[in-house]
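Undergrad: Sharing a sequence plus its predicted fold:
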Amino acid sequence: MKNKYEPKHQFKEKIESILKNKEDIEKYWEISRKGIQRSIRCNTLKISIEELKKRLESKGWKIKHPFKDNPEIMVIESNLQPGELGRTIEHLLGYYYVQEIASMMPIIALNPKPEEIILDIAASPGSKTTQAAAMMENKGTIIANDVKLGRISILNTNLERCGVSNTIITRHDGVQLYKRLEKINMKFDKILCDVPCSGEGTLRSSPKTFLMWNEKVVKVLSKMQKKLAESALELLKVGGEMIYSTCTHSPEENESVLNHLKEKFNIEIEKINLPIKCRPGLAEWKDQSFDSEIKNACRIWPQDNNTEGFFVAKIRRLG
Amino acid sequence: MNPQIKILNRKEKKEIEKKTEKQFGIKSLPYLLFQTNKGKIRGYSGNLSREEIQTLLKTVNIEINGIYLFNLEQDGQLRISHDAVSLFKDKITKNIIEINEEQADKFLHGEDIYIDDQETKSIVVLKFQDNLVGSGKLSQGRITNFVPKERRLKN
């Protein structure tokens, strides 16, 4: 019988057209069928890393800090019951956020500071907003935007649980938000443009993506991502930084969007230092070639890091 | 401007702080305070000025500002929110009720709990071991649970 989560033929072809190397492709499929390691991020707004670790270890959990410079990131090496991470009193009190390691990388790249004004243009469910607020020590300001009320409700629940108080939640689509903020000439020091995407990088935690994926959706998303990223860039100060990120491998949703922005704006795509292995953005794919700066973007592959897949690019506005 | 959100002035903030000190021992609130037309008081700790926020309120759809701290009840008391309890865990000194493990488990699952005190009628903060786990309304020995539905333990 066919596995119900067997990838579609076009999806297989696409991954192979990006990775090319046979051994690499095999490693990709092998890890894509394995469950994801359990990772959390200590919410330093509410508890110290040492205190949280002590409390979790007292439950018999084995905790590992995979990155020396980011001790707030913890991997739980013990076998836990399904849902156990979300049922502890520490989770209820907002002492940690259950978050996949690759999804923590955009904010590490953004490196928000306490005095800055930040825009998170597609903020729900709030994993990255809460991470930014913790790095900003609840100072500065985050405008956390999303488009649907239901998503805003989830975002608000997570912000409140984590004790985030430097945030203003707005409800607009990206274009609308840009048009409104343009009227008062509001510009941001830094912007997170973590766009809705086809989720190809989330196969390990959400194998249903294998079923839901289709090429049409990728094309539609690519158009929407270009619009959203354009609106976001319009709101960035000259000299400011924007992180464009997705949890997908599709060049249409990654390099192609950056290429579009590069053609339209006076920007530079800068190198990023992340604590996990990154591969450069693609120089070409199928019949398309991309701007040479796009190689500075970071492709995070699950087989390199034992994480999910992600794409992160740092854009500086020059004029 | 969004008519549902009002930025409290210095005098109005002082009035709220008088209540927080009287009820919970919280002397100061290091926030810009907002009050909604339903009596919810929210605190914003960011660096935008009152004027900048007013301009924003006129320009964009602001759904939520800062964090929900208190609700001004009809009897004039402040109901401290579930999350404000852990936010002010080092400042709360009054109206704390210590509960045992069984009571804490019930409370975190959303159940009301019962204590021997039949006299006190007030908003209380519940403490289990070193944790302030939430708030409730004590009346006739019953503590009505204020843990938001979406935050309750499920099993």
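TA: Received the coordinates, thanks.
Undergrad: interface residues of chain B facing chain A?
TA: B:31, B:43-48, B:53, B:55-56, B:59-68, B:81-83, B:86-87, B:108, B:131, B:133, B:148, B:150-151, B:153-155 (Cβ under 8 Å from any Cβ of the partner chain). For every residue, glycine as well, the C-beta is placed using N, CA and C.
Undergrad: Among these, the buried ones, what's the PyMOL command?
TA: Restricted to buried positions by 16 or more other Cβ atoms under 10 Å in any protein chain shown, the PyMOL selection for the residues of chain B next to chain A reads:
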select buried, chain B and resi 31+43+44+45+46+48+53+55+56+59+60+62+63+64+65+66+67+68+81+82+83+86+87+108+131+133+148+151+153
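Undergrad: Name the surrounding residues that touch the strand ranked longest in chain B.
TA: Across chain B, the longest stretch assigned as strand under DSSP state E is strand B:131-139. For strand B:131-139, the surrounding residues in contact (Cβ atoms under 8 Å, 6 or more residues apart in numbering or on different chains) are A:89, A:92-93, B:79-82, B:85-86, B:89, B:92, B:96-97, B:99, B:104, B:107-108, B:112-113, B:115, B:117, B:120-127, B:143-147.
Undergrad: neighbours around A:T141, how many?
TA: 24 (other Cβ atoms under 10 Å in any protein chain shown).
Undergrad: Identify the residue spatially nearest to it, adjacent ones excluded.
TA: Spatial nearest neighbour of A:T141, excluding adjacent residues (Cβ to Cβ, 6 or more residues apart in numbering or on different chains): B:G46 at 3.8 Å.
Undergrad: Quick one: residues contacting the one you found.
TA: Taking Cβ under 8 Å, 6+ apart, one finds A:N138, A:K139, A:G140, A:T141, A:I142, A:S165, A:N166, A:T167, A:I168, B:G66 in contact with B:G46.
Undergrad: quick check, nearest of the residues you listed to A:K113?
TA: Relative to A:K113, the closest of these is A:G140; by Cβ to Cβ it sits at 6.9 Å.
Undergrad: what residue ranges in chain B are flagged as low confidence?
TA: B:1-3 (pLDDT under 70).
Undergrad: At which residues are the strands of chain B located?
TA: Going by DSSP E, chain B shows strands at B:5-7, B:32-36, B:40-44, B:62-65, B:67-72, B:78-80, B:96-98, B:113-114, B:122-128, B:131-139, B:142-145.
Undergrad: got a markdown table for those, with distance to A:T248 too?
TA: Output for those, formatted as a markdown table (distance: least, Cβ to Cβ, whole Å):
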| stretch | distance to A:T248 |
| --- | --- |
| strand B:5-7 | 37 |
| strand B:32-36 | 38 |
| strand B:40-44 | 34 |
| strand B:62-65 | 28 |
| strand B:67-72 | 32 |
| strand B:78-80 | 42 |
| strand B:96-98 | 49 |
| strand B:113-114 | 47 |
| strand B:122-128 | 43 |
| strand B:131-139 | 39 |
| strand B:142-145 | 42 |
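Undergrad: quick revisit: what is the nearest of the contacts of B:G46 to A:A109?
TA: When those are compared against A:A109 (criterion: Cβ to Cβ), the nearest one is A:I142, at 16.1 Å.
Undergrad: I'd like the distance between that closest one and chain B.
TA: Separation of A:I142 from chain B (Cβ to the nearest Cβ, to the nearest Å): 8 Å.
Undergrad: was I right about that residue contacting A:Q131?
TA: No: in this structure, A:I142 is not within contact of A:Q131 by Cβ atoms under 8 Å, at 10.6 Å.
Undergrad: between those two, which one's more packed in?
TA: A:I142 (29 against 26).
Undergrad: Check which helices and strands the helix or strand harbouring that one sits against.
TA: Using DSSP states H and E, A:I142 sits within strand A:141-146. Other helices and strands packing on strand A:141-146, by 3 or more Cβ pairs under 8 Å, 6 or more residues apart in numbering or on different chains; DSSP states H and E, are strand A:117-120, helix A:127-135, helix A:149-161, strand A:167-171.
Undergrad: okay, the ones you listed in CSV with mean pLDDT and distance to A:K223 next?
TA: Listed next are the helices and strands packed on strand A:141-146 as CSV, based on pLDDT from 0 to 100; distance: least, Cβ to Cβ, whole Å:
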stretch, mean pLDDT, distance to A:K223
strand A:117-120, 98, 21
helix A:127-135, 98, 23
helix A:149-161, 95, 20
strand A:167-171, 97, 22
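Undergrad: Could you export those as TSV, including distance to chain B?
TA: What follows is these, written out as TSV (distance: least, Cβ to the nearest Cβ, whole Å):
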stretch	distance to chain B
strand A:117-120	8
helix A:127-135	10
helix A:149-161	5
strand A:167-171	4
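Undergrad: show me what contacts the residue most central in space within chain A?
TA: Compute the mean C-alpha point of chain A, and by Cα atoms, centre = their mean the closest residue is A:S103, 4.1 Å away. If you count contacts by Cβ under 8 Å, 6+ apart, A:S103 has them with A:S127, A:K128, A:C247, A:E308, A:F310.
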